[in-house]
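Peer 1: Using only what follows, build the 3D model:
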Amino acid sequence: MNFHLRFIVMRSFNIANCSAAALVAATCLLGTTIRPAPAAADPQEVGVWYDDTGKGAVKIEICTPTTLCGKIYWLQEPMAGDGQPKVDRYNPDASQRTRPICGLPVLGDLEQLSGGGFDNGWVYDPKEGKSYSVALDLVGPDTLKVTGYKGMRFLGKSFIWTRAPADLPSCAPDAASAPEAVHPGDAKKQKQATGATKKPSKTASGTSASGASKAGATDVAAATHKKKKPPEKAVATQPQPKAQPPVASN
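Peer 2: Now for the predicted structure:
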């Protein structure tokens, strides 16, 4: 009887221990399953890339959850010969020819392929004002092959872009702050407008210079109405005779 009772007690103790262990394991498993999944890394094509000429750079970004796009981020020569920022002057649409080249969209609608790379997008060449189909293939960590084509991809032309340094400055603030961006005629007009709207300066007594001028003009006008006094004649002073020596009396 004692043995049977001891067996029941020991069995209950083991079940309790197993249940506690199972509870801990289940809790750990549950915590693992509800842990949020790490965010997917951006495609390696994302970033700033020098084009094949080395005179410009394009920033490739994620524009929608499934497509990439790109815009001109840096220009070696952001200004045209007239001192103005370069514009999209070769665009077939006349209404778009005043768009600045800096920040101009040149890539879009690039879809990621199951085998790697991106395709089915478009690329715009502002040097010609023409658009083509485009595909991107990452040749190396810092090398990107850009293929522009019409119709069949294998009949297109490929160019090699290289990754730009992370500290490459954007052309947008440079173009905005460059002194050549202001036309001389506009600068002259702006100077004249500034002079016309300049506030009058105040004198030490607190009266503005224009107010002082007006007050002075009023005083002068009032003075002209007053009767002028004739100038006083100068009185000639006669020289006094010199003292004569006393005459000796005879």
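Peer 1: and F154, what pLDDT?
Peer 2: Looking at F154, its pLDDT reads 91.
Peer 1: now swap in A181 and tell me
Peer 2: 31.
Peer 1: before we move on, what about A39?
Peer 2: At A39, the pLDDT recorded in the model is 67.
Peer 1: same deal with L29?
Peer 2: pLDDT at L29 comes out at 49.
Peer 1: Poorly predicted segments of this structure, please.
Peer 2: Counting by pLDDT under 70, the ranges of the chain that qualify are 1-39, 173-250.
Peer 1: quick one: the strands in it?
Peer 2: Secondary structure of the chain (DSSP state E): strands at 47-50, 56-64, 67-75, 105-112, 118-125, 130-140, 143-149, 157-163.
Peer 1: Could you export those strands as CSV, including mean neighbour count?
Peer 2: Every residue, glycine included, has its C-beta placed from N, CA and C. Listed next are those as CSV, based on neighbours: other Cβ atoms under 10 Å:
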stretch, mean neighbour count
strand 47-50, 21
strand 56-64, 19
strand 67-75, 21
strand 105-112, 19
strand 118-125, 18
strand 130-140, 17
strand 143-149, 18
strand 157-163, 15
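Peer 1: Rebuild those as JSON lines, extending it with distance to K86.
Peer 2: JSON lines is the format used below for the strands of the chain (distance: least, Cβ to Cβ, whole Å):
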{"stretch": "strand 47-50", "distance to K86": "17"}
{"stretch": "strand 56-64", "distance to K86": "10"}
{"stretch": "strand 67-75", "distance to K86": "7"}
{"stretch": "strand 105-112", "distance to K86": "13"}
{"stretch": "strand 118-125", "distance to K86": "14"}
{"stretch": "strand 130-140", "distance to K86": "17"}
{"stretch": "strand 143-149", "distance to K86": "21"}
{"stretch": "strand 157-163", "distance to K86": "20"}
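Peer 1: For G83, which of those is the nearest?
Peer 2: strand 67-75 (14.7 Å; Cβ to Cβ).
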